[in-house]
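Engineer: let me see the structure of the following:
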Amino acid sequence: MSIQKILVAYDGSDCSCHALAWALSNHPEAQIDVLTILPPLNTFYNSYAMSATGFIKDQIEILRQQAKEKMTKLKEQYAAEGKTIETIVLEGSVVENLLAYSSKSGAELIVTGSRGTGGFVGLILGSTAHELILHAKVPVVVVR
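Structural biologist: Prediction:
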C-alpha cells in the first residue's frame, strides 16, 4: 500500500526545502500539501492597535501577501519540473496548525526538516520536528 497524501511543513529553510524534495522524490504518486505558517499576526496587531492602527494593519497584510507569493512561486517552480504540489498559508501556532491540518486533510505522513528558521530552541532537533514526533497521529519523517 502506497502513501496517498503527504503534508510537508515548509518555512523556506534549507531543511524544509530538503524535506519537500524528499517527499517528492520518495513518493512521486502522492498528493503533496505544502504548509507554511505565519506567526499569529493578529496578536501583534491587537497589542499595538491603539498606537499605530493603519501602519500595523498594512504591515500584516504585506507579510500575508509575501507568504502567499512565495508559496505561489514554489508551486510554479515545481510545476515547471512536472511536479504538482498544493500550497497552503495559515497563521498561528506552527505545531497546532500542522497537527490540525494533518487530521483534517487525511494526511498519512508528515515530512519536516530537522531545523527551521526558528531560534535557539532545540539544540539537536528543531522544536517543531520534536513536537510533531511526540504528538502526530501519523508517521513523521524528519529530513536533514
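
Engineer: flag every buried residue along stretch 33-43.
Structural biologist: Neighbour counts over stretch 33-43 (16 or more other Cβ atoms under 10 Å) mark 33-38, 41 as buried. C-beta: built from backbone N, CA, C; applies to glycine.

Engineer: which residue ranges of the protein form strands?
Structural biologist: 5-9, 31-38, 86-91, 109-113, 140-143 (DSSP state E).

Engineer: can I get those in a markdown table with distance to Trp22 and mean pLDDT?
Structural biologist: Below are the strands of the chain laid out as a markdown table (distance: least, Cβ to Cβ, whole Å; pLDDT from 0 to 100):
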| stretch | distance to Trp22 | mean pLDDT |
| --- | --- | --- |
| strand 5-9 | 9 | 98 |
| strand 31-38 | 11 | 96 |
| strand 86-91 | 17 | 96 |
| strand 109-113 | 6 | 97 |
| strand 140-143 | 5 | 96 |
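
Engineer: among those, which comes closest to Leu63?
Structural biologist: For Leu63, the closest of the strands of the chain is strand 31-38, at 6.4 Å, according to Cβ to Cβ.

Engineer: the inter-axis angle of that closest one versus strand 86-91?
Structural biologist: 20 degrees (axes from the mean of the first three to the mean of the last three Cα atoms, to 10 degrees).

Engineer: so what secondary structure elements neighbour strand 31-38?
Structural biologist: strand 5-9, helix 14-26, helix 41-80, strand 86-91, helix 94-105 (3 or more Cβ pairs under 8 Å, 6 or more residues apart in numbering; DSSP states H and E).

Engineer: now the worst-scoring helix or strand of the chain on mean pLDDT, how far from the centre of its chain.
Structural biologist: In the chain, no helix or strand scores lower on mean pLDDT, DSSP states H and E than helix 41-80, which sits at a mean of 80. On the basis of Cα atoms, centre = their mean, to the nearest Å, helix 41-80 sits 15 Å off its chain's mean C-alpha point.

Engineer: for it, packing partners?
Structural biologist: Using 3+ Cβ pairs under 8 Å, 6+ apart: helix 41-80 touches strand 31-38, strand 86-91.

Engineer: still on that earlier bit, make a markdown table from the strands of the chain and add distance to Leu63 to it.
Structural biologist: Below are the strands of the chain laid out as a markdown table (distance: least, Cβ to Cβ, whole Å):
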| stretch | distance to Leu63 |
| --- | --- |
| strand 5-9 | 19 |
| strand 31-38 | 6 |
| strand 86-91 | 9 |
| strand 109-113 | 21 |
| strand 140-143 | 26 |
